[in-house]
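*Asks:* Have a look at this prediction, sequence included:
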Amino acid sequence: LARSLRGLRILRAFRLGAVQETVEEVMFNMGIDRLILVFAVGQTCLSIFLLAHMLSCGWYLLGRTELELGRRSWLEPYGGSDMWEAYIQCIYWTLGHIIAGAVNPRVDPVTLEENLFSVAMLGSSLLVVGACISKMTNAIADMQRMDLEAKDTKRKLGQVLRASGADNGLSTRILRFGMHLYRRKASLSVADSVMGLLSKALSCELTICQRSSYIVEHAFFGRLRYRFTEVFASICAAFDTLILADSDVVFSAGTISECLYITVRGKFALNTPLKHWGRLQHRSVKGHGADKLSCHVVGETTVVTQLYSLMWLCEVSLFATSVHKSDLKTLSFADAFTLTRADLVACVEKSPSCIHVVYQYASEYIKRLNIFVDEDCDLEFVPSDVPFSICEHMFATDEEDVPDNGMDLDSPLANVAEVRAFMEDVMSAASADPTEKLPEIFGELHPKLGIYQALKMEGECKKALAAMSSVIYLVRNDYHSFVSCQKENRLSPELWSAMQRFVAWVGLDAGD
């Protein structure tokens, strides 16, 4: 009896529910979720065997007890046979009843107690086997559902192609890319209904996990990751994903460069006219190995650079307006990330310290590229050592980079009473010229403590002052102050009267 009871500890060792959950999580993380079906089958077989083992032990215990009490038992025909032989007979008989197979008639119950045990065994086995088969059926249904979604997408796409009269070649290309796009989107994106289940912090961590490995390859963005964690997370989320077919045109020569490109997957070809191929391009090619790119001249007019791995293109578009001088096309199914200047600004604008760092980097980056402007070089493909050397200089010491906690970039603030008094002066034509108080009320315009001064953007500060002063003069109907700085082509009184009618129609007051 004690030996049989110790056998019950097997259930504690396996704890099937916890094992299943753990194994499924590992399989999903490894991208081999289809093996869940194999695991479900194995779990079902193991569960049936464990059930048969426990019932066999109980059946043997019952027969042995009956014999020791001098009663009839199913063990009588075996007499003093070896325990292992009896166990094999038990397991064979038990499995036969569980799976409705053949059984040994010599092991049938002969007493009321043994018959009651047989009935209980059949009832419990039905429950356990039913639950195991249900799990296996659900796993098969999940796998089939994944295949059905892909097949349904392919079927709908085929219907559209047939209705449009596309030829076989075009239909094949579209179907291949359509299924590729379906699989890539399934692996790169998460449905909104699922993302809604995650907290903001978890969603942020998921985005960083998906994209950070590509973004930190760049020297500058790699530094931002550790200095401005929240800004870096926003930048990761701001990147858009491009899933491209073979022979797709990513950008063309002569068009405005609108965003930064990161080639993530697949092969690309950068076609640069020979007249735009200069020292900058030679440095770029030399700085990368043959495993990352290859370069050759086609027709004595074009240099084709084939990109095989992670590359950063058109970074200059984040900081200045430029025109593409090359074509970028795909040579296979490929993926790329893009980031626009507006998205980058939206990510860093809430961190004055980060604004300072980005401004420093952008200024030095443009300064170094200006050397090649006179050579009419293509600026799409810049050597990786350019951002690296800039960052080495910028982040040489912590004291010289970013002001501690951004305090050096915090502009002075005016109190509520000062702002109200200023607005009353603006709306009162009889008061003195209030534009002289602008740097005091709007701390970012302060000539010594403002953020414009900290970033050495005096020109932008003057533009802001001029714009605000013009609005104040317009509200106060002060035509002479408005045109006092206009030496030529002054604003006409007729146009000023029209602008005043607009101001009267708006009906501004001090509260506005």
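*Replies:* Arrived safely.
*Asks:* following the strand or helix carrying Arg145, which helix or strand shows up next?
*Replies:* Applying DSSP states H and E as the criterion places Arg145 in helix 112-164. Of the helices and strands lying after helix 112-164 in sequence (DSSP H and E), the nearest is helix 168-188.
*Asks:* Show me what counts as buried in that following helix.
*Replies:* 171, 174-175, 177-178, 182 (16 or more other C-beta atoms under 10 Å). Bear in mind the C-beta positions are built from the backbone N, C-alpha and C, glycine included.
*Asks:* and that helix, what does it pack onto?
*Replies:* Packing partners of helix 168-188 (3 or more C-beta pairs under 8 Å, 6 or more residues apart in numbering; DSSP states H and E): helix 112-164, strand 240-244.
*Asks:* what's the closest of these to Tyr365?
*Replies:* Tyr365 lies closest to strand 240-244 among those, at 22.2 Å (C-beta to C-beta).
*Asks:* and the buried residues of helix 168-188 as JSON lines, adding pLDDT?
*Replies:* Formatted as JSON lines, the buried residues of helix 168-188 follow (pLDDT from 0 to 100):
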{"residue": "Ser171", "pLDDT": "84"}
{"residue": "Ile174", "pLDDT": "85"}
{"residue": "Leu175", "pLDDT": "84"}
{"residue": "Phe177", "pLDDT": "85"}
{"residue": "Gly178", "pLDDT": "84"}
{"residue": "Tyr182", "pLDDT": "79"}
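*Asks:* quick revisit: what separates the helix holding Arg145 from the chain centre, distance-wise?
*Replies:* Remark: helix 112-164 is offset 33 Å from the chain centroid, using C-alpha atoms, centre = their mean, to the nearest Å.
*Asks:* got the angle between that helix and helix 168-188?
*Replies:* Put simply, helix 112-164 runs at 130 degrees to helix 168-188, going by axes from the mean of the first three to the mean of the last three C-alpha atoms, to 10 degrees.
*Asks:* So which elements touch helix 112-164?
*Replies:* If you count contacts as 3+ C-beta pairs under 8 Å, 6+ apart, helix 112-164 packs onto helix 35-68, helix 83-98, helix 168-188.
*Asks:* would CSV of the ones you listed with distance to Leu126 be doable?
*Replies:* Below are the helices and strands packed on helix 112-164 laid out as CSV (distance: least, C-beta to C-beta, whole Å):
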stretch, distance to Leu126
helix 35-68, 11
helix 83-98, 9
helix 168-188, 39
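*Asks:* OK, contacts around Leu369?
*Replies:* 280, 316, 379, 382, 386 (C-beta atoms under 8 Å, 6 or more residues apart in numbering).
*Asks:* could those residues be laid out in CSV, adding distance to Thr301?
*Replies:* As requested, the contacts of Leu369 are exported to CSV (distance: C-beta to C-beta, whole Å):
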residue, distance to Thr301
Leu280, 19
Val316, 24
Leu379, 20
Val382, 23
Val386, 27
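*Asks:* give me the number of residues near Thr241?
*Replies:* 15 (other C-beta atoms under 10 Å).
*Asks:* you'd agree it is up against Arg265?
*Replies:* No - the criterion here is C-beta atoms under 8 Å, and Thr241 misses it with Arg265 at 10.3 Å.
*Asks:* Let's see stretch 467-484 as PDB, backbone CA atoms only.
*Replies:* Extracted as PDB, the C-alpha positions of stretch 467-484 are listed here (Å, rounded to 0.1, in the frame of the first residue of the first chain):
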ATOM      1  CA  ALA A 467       6.200  87.800 -35.200                       C
ATOM      2  CA  MET A 468       4.900  88.500 -31.700                       C
ATOM      3  CA  SER A 469       5.400  92.200 -32.000                       C
ATOM      4  CA  SER A 470       3.600  92.300 -35.300                       C
ATOM      5  CA  VAL A 471       0.600  90.600 -33.800                       C
ATOM      6  CA  ILE A 472       0.600  93.100 -30.800                       C
ATOM      7  CA  TYR A 473       0.800  96.100 -33.200                       C
ATOM      8  CA  LEU A 474      -2.100  94.600 -35.200                       C
ATOM      9  CA  VAL A 475      -4.300  94.200 -32.200                       C
ATOM     10  CA  ARG A 476      -3.400  97.700 -30.900                       C
ATOM     11  CA  ASN A 477      -4.000  99.200 -34.400                       C
ATOM     12  CA  ASP A 478      -0.500 100.800 -34.300                       C
ATOM     13  CA  TYR A 479       0.200 101.200 -38.000                       C
ATOM     14  CA  HIS A 480       3.300 103.400 -37.500                       C
ATOM     15  CA  SER A 481       5.100 101.000 -35.200                       C
ATOM     16  CA  PHE A 482       4.200  98.100 -37.500                       C
ATOM     17  CA  VAL A 483       5.900  99.700 -40.600                       C
ATOM     18  CA  SER A 484       8.700 101.500 -38.700                       C
END
